[in-house]
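J.: below are the sequence and a predicted model for it; my questions follow.
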Amino acid sequence: MTDRLKSHHPMTPSLRSRVAPFIAMDVMSAAAARERAGASVIHMEVGEPGAPVPTSAREAAVAALAAGRIGYTEALGRASLRARIARHYGETYGVDIAPERIAVTTGSSAGFLLSFLALFDPGARVAIAAPGYPAYRNILEALGIECVTIATQAQTRHVVTAQMIEEAHGRAKLDGVLLMSPANPSGTMMSPAALADVCHTCDRLGIAFISDEIYHGLTYDAPAETALAFSSSAIVVNSFSKYFCMTGWRVGWLILPEELMRPVERLQQSLAISVPFLSQVAAEAVFESRSELEAVKASYARNRAYLMAHLPRMGLGNFHPVDGAFYVYIDIGHLTNDSSEFCKRMLHEAGVAATPGHDFDRERGARTMRLSFAGSEADVVEAVARLETWLAR
């Protein structure tokens, strides 16, 4: 081989690629490395259901695969899946949604990307909650959109209120607000009245409101309400990953105002062409596995109850309200001022993987960590035993 062919000109990464790492995924990699080295690890770092994909989804995918042809679909998704999602809103929330307002996406992640591209130009200002899902900020920053952090407080039960939005907008104009209920990393949920106030305030002020409803279905004391019950302008992002136990299938959906449908369709045509056919077939069928899904949810409820009873006994009782999802977001400021180092030690010394709060709150995350209870009941019991022993040292 000649020197000319061997030469290499180093590439300079773009500024937009310099987003923060998704720390939960880094912790998962570190935990996997520990396991490869022979260590026993209880995984409480990643928000992924431990249950298998429901029977109806697997059977539908197998049947479709046996039929032979796996091709593209319409950019906005298969008409039958869009109709089934629309029917879900009538059955679950009593809200009438036209299938023509639904776009099927490659998980909620693509839903965020499509909605941000359709709504905001570079330099737009979008408010998000802290603590909050880290990919929001990373995607927005990669697109040249300014993130405005609204820090939640105990006195408002750790939810962003309409008043907080109006105050932030008064300081400098907001173009959008993105909130999740139930929330990641906390599981804390907005009341229907609080959600209605947010919707009405954003409509009145001309702010685009994006409601991340990916953890709907996973609530323990009261059902979650959709933003679509209060505003036809709200953009809803949801997914088959969490309640429906289909993380690896990468299929979700958007519900959009009519004026955004064609822009999103054009973007989807070029960015993805369409969501994988088999994933759409399985997603449509998974609605028929309600009994399996409710059994999985019941196991989360038992895990939640076990943690609620045992965490305070080991000095970990200061956490946000766990209304839904499958997380506990714990204040560990009395134990450390470096949650990353604390979680690293916990992984290596106790064999329990957790996500440090830096992932969710850049300002206050050094004193918090998130535990996921989406795994088996046996794993949660074992994790508690390990933590009790470790913290007593």
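T.: Yep, it's here.
J.: for stretch 58-78, measure first residue to last.
T.: 18 Å (Cα to Cα, to the nearest Å).
J.: buried stuff in it?
T.: Residues of stretch 58-78 classed as buried by neighbour count (16 or more other Cβ atoms under 10 Å): Ala60, Ala61, Ala64, Thr73, Ala75, Leu76, Gly77, Arg78. Where C-beta positions appear, they are placed from N, C-alpha and C, glycine not excepted.
J.: so the second one touches Ala282, yeah?
T.: Yes: counting by Cβ atoms under 8 Å, Ala282 is a contact partner of Ala61 at 4.4 Å.
J.: what's next to stretch 15-31, contact-wise?
T.: Here stretch 15-31 makes contact (Cβ atoms under 8 Å, 6 or more residues apart in numbering) with 41, 43, 45-47, 134-135, 137-139, 141-144, 340, 343-344, 347, 353-356, 358-359, 370.
J.: same question for stretch 84-101.
T.: By Cβ under 8 Å, 6+ apart, the list of residues contacting stretch 84-101 reads 79, 82-83, 102, 104, 216, 225-226, 228-229, 253, 255-258, 261, 284, 287.
J.: could you tell me which of these belong to helices?
T.: The members of those that map onto helices under DSSP state H are Ala79, Arg82, Ala83, Glu258, Met261, Glu284.
J.: report the contact partners of the spatially closest residue to the last one that is not a sequence neighbour.
T.: Among residues not flanking Glu284 along the chain, Leu81 sits closest, at 4.5 Å (Cβ to Cβ, 6 or more residues apart in numbering). By Cβ under 8 Å, 6+ apart, Leu81 lies in contact with Val104, Gln280, Ala283, Glu284.
J.: make it 6 Å
T.: By Cβ atoms under 6 Å, 6 or more residues apart in numbering, Leu81 lies in contact with Val104, Gln280, Glu284.
J.: do you know how far the last one is from Ala57?
T.: If I follow you right, that is Glu284. Distance of Glu284 to Ala57, computed by Cβ to Cβ, to the nearest Å: 9 Å.
J.: please apply the same query to Ala64.
T.: From Ala64 to Ala57 the distance is 11 Å (Cβ to Cβ).
J.: now Leu15
T.: From Leu15 to Ala57 the distance is 41 Å (Cβ to Cβ).
J.: more neighbours, those two?
T.: In this view Leu15 and Ala57 are compared by other Cβ atoms under 10 Å, and Ala57 has more residues nearby, 27 against 9.
J.: which SSE is the more buried one in?
T.: Per DSSP states H and E: Ala57 is located in helix 55-67.
J.: swap in Ser211?
T.: Going by DSSP H and E, Ser211 is part of strand 208-212.
J.: quick one: strands adjacent to that strand?
T.: strand 176-180 (parallel), strand 235-239 (parallel) (DSSP bridges).
J.: contacts for stretch 169-178 next, please.
T.: 120, 124-128, 136, 165, 202, 205, 207-210.
J.: that older thread, just put the strands paired with strand 208-212 in a markdown table and tack on distance to Val148 and mean pLDDT.
T.: Shown next, in a markdown table, are the strands paired with strand 208-212 (distance: least, Cβ to Cβ, whole Å; pLDDT from 0 to 100):
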| stretch | distance to Val148 | mean pLDDT |
| --- | --- | --- |
| strand 176-180 | 9 | 98 |
| strand 235-239 | 18 | 98 |
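J.: just the closest of the contacts of stretch 169-178 to His158, please.
T.: Set against His158, the nearest of the contacts of stretch 169-178 by Cβ to Cβ is Ile128 (14.1 Å).
J.: okay, now the residue lying closest to Pro192 once chain neighbours are set aside: neighbour count?
T.: Nearest non-adjacent residue to Pro192, counting by Cβ to Cβ, 6+ apart: Glu225, 4.3 Å away. As a burial measure, Glu225 scores 22 neighbours (other Cβ under 10 Å).
J.: for Ile145, see how far away Glu225 is.
T.: Following Cβ to Cβ, the distance that separates Glu225 from Ile145 is 28 Å.
J.: isn't Ile210 right next to Ser233, touching?
T.: No: in this structure Ile210 lies outside contact range of Ser233 using Cβ atoms under 6 Å: 10.7 Å.
J.: the two - which one has more neighbours?
T.: Shown here are Ile210 and Ser233; by other Cβ under 10 Å, Ile210 has more neighbours (24 against 18).
J.: contacting residues for the more buried one?
T.: So Ile210 contacts Ser115, Leu178, Ile235 (Cβ under 6 Å, 6+ apart).
J.: please repeat the previous calculation with a cut-off of 10 Å.
T.: By Cβ atoms under 10 Å, 6 or more residues apart in numbering, the contact set of Ile210 is 111-112, 115-116, 119, 126, 128, 136, 176-180, 202, 227, 234-237, 254.
J.: what of Phe240?
T.: Here Phe240 is in contact with 53, 57, 85, 104, 107-108, 214, 246-247, 249-253, 279-280, 282-284, 286-287 (Cβ under 10 Å, 6+ apart).
J.: if we go to 8 Å?
T.: Met246, Trp249, Val251, Gly252, Ala283, Val286.
J.: isn't His43 right up against Glu382?
T.: No: contact between His43 and Glu382 fails when scored by Cβ under 8 Å: they sit 11.2 Å apart.
J.: ok, those two, which is more surrounded?
T.: More neighbours surround His43 than the other of His43 and Glu382, with 20 against 16 (other Cβ under 10 Å).
J.: can I get the CA coordinates of stretch 178-189 in CSV?
T.: Output of stretch 178-189 as CSV, limited to C-alpha atoms (Å, rounded to 0.1, in the frame of the first residue of the first chain):
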residue,chain,number,x,y,z
LEU,A,178,-41.7,20.5,26.9
LEU,A,179,-42.9,18.7,29.9
MET,A,180,-43.3,15.0,30.9
SER,A,181,-46.0,13.6,33.2
PRO,A,182,-45.4,11.1,34.8
ALA,A,183,-41.8,12.3,34.8
ASN,A,184,-38.4,10.8,34.3
PRO,A,185,-36.4,10.7,36.6
SER,A,186,-38.9,11.0,39.3
GLY,A,187,-42.3,9.4,38.4
THR,A,188,-44.0,12.6,39.7
MET,A,189,-47.2,13.4,37.9
